[in-house]
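# Just the structure for this:
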Amino acid sequence: MRFKGLTKGFFILILFVVTLAFFDVLSPYFSAILWATILAVIFQPLKNKLREKMADKNGIASLITVLIICLIVFTPLAIILSSLAYEINVVYQKLQENNTQFPVVIADLLRHLPGWARNFLAEHELNNAAQIQKALSGVALKGGQYMAGSAFVIGKGTFGFTISFGVMLYLLFFLLKDGAVIVHQALEALPLSRYVKHHLFAKFATVSRATVKGTVVVALVQGVLGGIGFSIVGIDGSILWGALMAFLSLIPAVGSAIVWVPAAIFLFSTGQMWQGFFIVGFFVVIVGLVDNLLRPLLVGKDTKMPDYLILITTLGGMEIYGINGFVIGPLIAALFIACWNLLSGKDHQGNVDELDDDFMEEGRREQ
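Numbers count the residues shown, from 1 in each chain. All right, here's what the predicted structure looks like:
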């Protein structure tokens with residue numbers, strides 16, 4: 001005996017449970033899947049051009065595209081990371097040999113502090129350059145010992161990263177090769193109107209592409225300029241500070257200031273006036289111009305979202321999802337706006353975005 005609707009409802013329950021279990025299985029490789037998808041979206045046009053020039057050899061074109069991605073994306077990244085590791089090692093050696101300007105600069109800065117602050121530091125034996133050098137050397141030594149003692153954990157993390165990286169490249173190849181088929185099958189499975197499905201998928205592709213390309217370009221430019229600026233005024237570890245600035249520039253509007261504002265305060269407090277004025281002018285005018293011109297042009301224009309919303313959703317996304325949040329946050333916001341615009345009627349069948357016809361035809365043809 002079957003009750004009306006019970007069979008369908010039970011199947012939906014099974015579908016819900018299986019779907020949750022499926023995503024739970026994939027969760028350890030969430031970052032790998034996310035970045036494979038984003039890179040496939042960004043480099044799909046390149047793969048299509050290669051395919052046209054190679055007599056429609058889709059697999060070979062996809063493989064060559066993956067190799068190109070490794071060449072132009074991951075090889076420079078590896079070089080930057082190796083240079084950064086070298087810079088960190090140099091700073092560590094200088095701390096060990098008491099041969100760095102940072103303790104002296106800090107000591108000069110401390111002389112400008114109020115009396116209660118100097119007394120507090122004196123109680124903790126941190127009121128002269130020699131003591132600060134000794135303390136920093138001790139911290140560096142303990143840090144090295146901690147790193148050595150955590151070799152197993154670090155090795156395990158490196159192994160996990162290597163596996164995730166391999167999974168990403170493997171998945172990237174198949175997304176480039178069969179992406180059109182996967183998208184076509186997903187569209188066929190979704191119980192939505194054709195224009196709604198196309199609009200949401202097109203919005204996902206546009207926002208993810210614009211966010212990654214725009215943010216990475218801004219980060220690289222600000223990091224390079226920041227390193228040059230610090231090198232001009234003679235601050236040690238310019239590559240280290242430039243890399244830190246590039247990372248923090250993922251946060252719109254305020255990211256790079258977290259690095260250069262304290263540096264300017266140090267310089268002014270220690271009497272290095274022209275260096276301080278140079279840092280302020282350089283970062284406000286040159287680096288600030290890069291952020292104010294490139295970010296709206298590369299990110300805001302394509303995502304069609306105001307700067308304040310990009311800022312808030314980027315911060316919120318990074319708070320919840322870590323480094324991946326600088327993409328996920330704006331992406332969720334864009335899909336949220338798109339869904340409400342569809343519901344309200346502001347976006348309708350006559351004005352929504354459509355997926356590329358050639359891409360959709362490829363999916364139908366190769367299914």
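# CA only for contacts and neighbour counts going forward, please
Noted.
# Remind me what whichever strand or helix holds Q222 packs against, helices and strands.
Per DSSP states H and E: Q222 is located in helix 194-232. Other elements packing on helix 194-232 under the criterion 3 or more CA pairs under 8 Å, 6 or more residues apart in numbering; DSSP states H and E are helix 30-53, helix 151-189, helix 238-248, helix 288-295, helix 301-303, helix 325-344.
# mind redoing it with 10 Å?
With contacts taken as 3 or more CA pairs under 10 Å, 6 or more residues apart in numbering; DSSP states H and E, helix 194-232 sits against helix 30-53, helix 151-189, helix 238-248, helix 257-269, helix 273-281, helix 288-295, helix 301-303, helix 325-344.
# could you point out which element follows the shortest one?
To tie it back to what came earlier, the one meant is helix 301-303. helix 307-321.
# mind saving the C-alpha coords of that following helix as PDB?
Taking Å, rounded to 0.1, in the frame of the first residue of the first chain, the C-alpha atoms of helix 307-321 are listed here in PDB:
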ATOM      1  CA  ASP A 307      33.200  48.900  -4.300                       C
ATOM      2  CA  TYR A 308      31.800  48.800  -0.700                       C
ATOM      3  CA  LEU A 309      29.900  45.600  -1.400                       C
ATOM      4  CA  ILE A 310      33.100  44.000  -2.800                       C
ATOM      5  CA  LEU A 311      35.000  45.100   0.200                       C
ATOM      6  CA  ILE A 312      32.500  43.700   2.800                       C
ATOM      7  CA  THR A 313      32.000  40.400   1.000                       C
ATOM      8  CA  THR A 314      35.700  39.900   0.500                       C
ATOM      9  CA  LEU A 315      36.400  40.400   4.200                       C
ATOM     10  CA  GLY A 316      33.400  38.200   5.100                       C
ATOM     11  CA  GLY A 317      34.500  35.500   2.700                       C
ATOM     12  CA  MET A 318      38.000  35.500   3.900                       C
ATOM     13  CA  GLU A 319      36.800  35.300   7.500                       C
ATOM     14  CA  ILE A 320      34.700  32.200   6.800                       C
ATOM     15  CA  TYR A 321      36.600  30.500   3.900                       C
END
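# Compute the inter-axis angle for it and helix 30-53.
120 degrees (axes from the mean of the first three to the mean of the last three CA atoms, to 10 degrees).
# Pull the contacting residues for the residue nearest to F247 when sequence neighbours are not counted.
Nearest residue to F247, sequence neighbours excluded (CA to CA, 6 or more residues apart in numbering): A219, at 6.7 Å. Listed by CA atoms under 10 Å, 6 or more residues apart in numbering, the contact set of A219 reads 213, 225, 242-252, 255-256, 290-291, 295.
# next one: A263
230, 235, 257, 269, 275-276, 279-280 are the contacts of A263 under CA under 10 Å, 6+ apart.
# so L187 sits right up against H199, yeah?
No: with contact defined as CA atoms under 10 Å, L187 does not count as touching H199 (11.1 Å).
# If you count surrounding residues, which of those two has more?
H199 (23 against 17; other CA atoms under 10 Å).
# Quick one: residues contacting that one.
Counting by CA under 10 Å, 6+ apart, H199 has contacts 205, 335, 338-339, 342, 347-349, 351-355.
# Which single one of those is nearest to L171?
Nearest to L171 out of the contacts of H199 is A205 (CA to CA; 17.3 Å).
# Quick one, grab the pLDDT at the nearest residue to R194 once chain neighbours are set aside.
In space, and not counting its chain neighbours, R194 is closest to L187: 8.0 Å by CA to CA, 6+ apart. The confidence metric pLDDT takes the value 82 at L187.
# so how far is W274 from L187?
Going from L187 to W274 by CA to CA, to the nearest Å gives 61 Å.
# likewise L343?
57 Å.
# low-scoring pLDDT stretches of the stretch 51-200 of the chain, where are they?
By pLDDT under 70, the weakly predicted segments of the stretch 51-200 of the chain are 76, 79-159.
# ok, now with 50
Residue ranges of the stretch 51-200 of the chain with pLDDT under 50: 147-155.
# which of the residues in stretch 241-259 are buried?
241-252, 255-257, 259 (16 or more other CA atoms under 10 Å).
# let me fix that: stretch 182-193
For stretch 182-193, by 16+ other CA under 10 Å, it's 183-184, 187.
# Generate CSV for those, with distance to A264 as supplementary columns.
Shown next, in CSV, are these (distance: CA to CA, whole Å):
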residue, distance to A264
V183, 51
H184, 54
L187, 54
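# how about M305, phi and psi?
Note on M305: its backbone torsions stand at phi -130, psi 140 [degrees, to the nearest 10].
# ok, how many other residues are close to the spatially closest residue to it that is not a sequence neighbour?
Spatially, and ignoring its direct neighbours in sequence, M305 is nearest to A334 (7.4 Å; CA to CA, 6+ apart). For A334, the neighbour count with other CA under 10 Å is 23.
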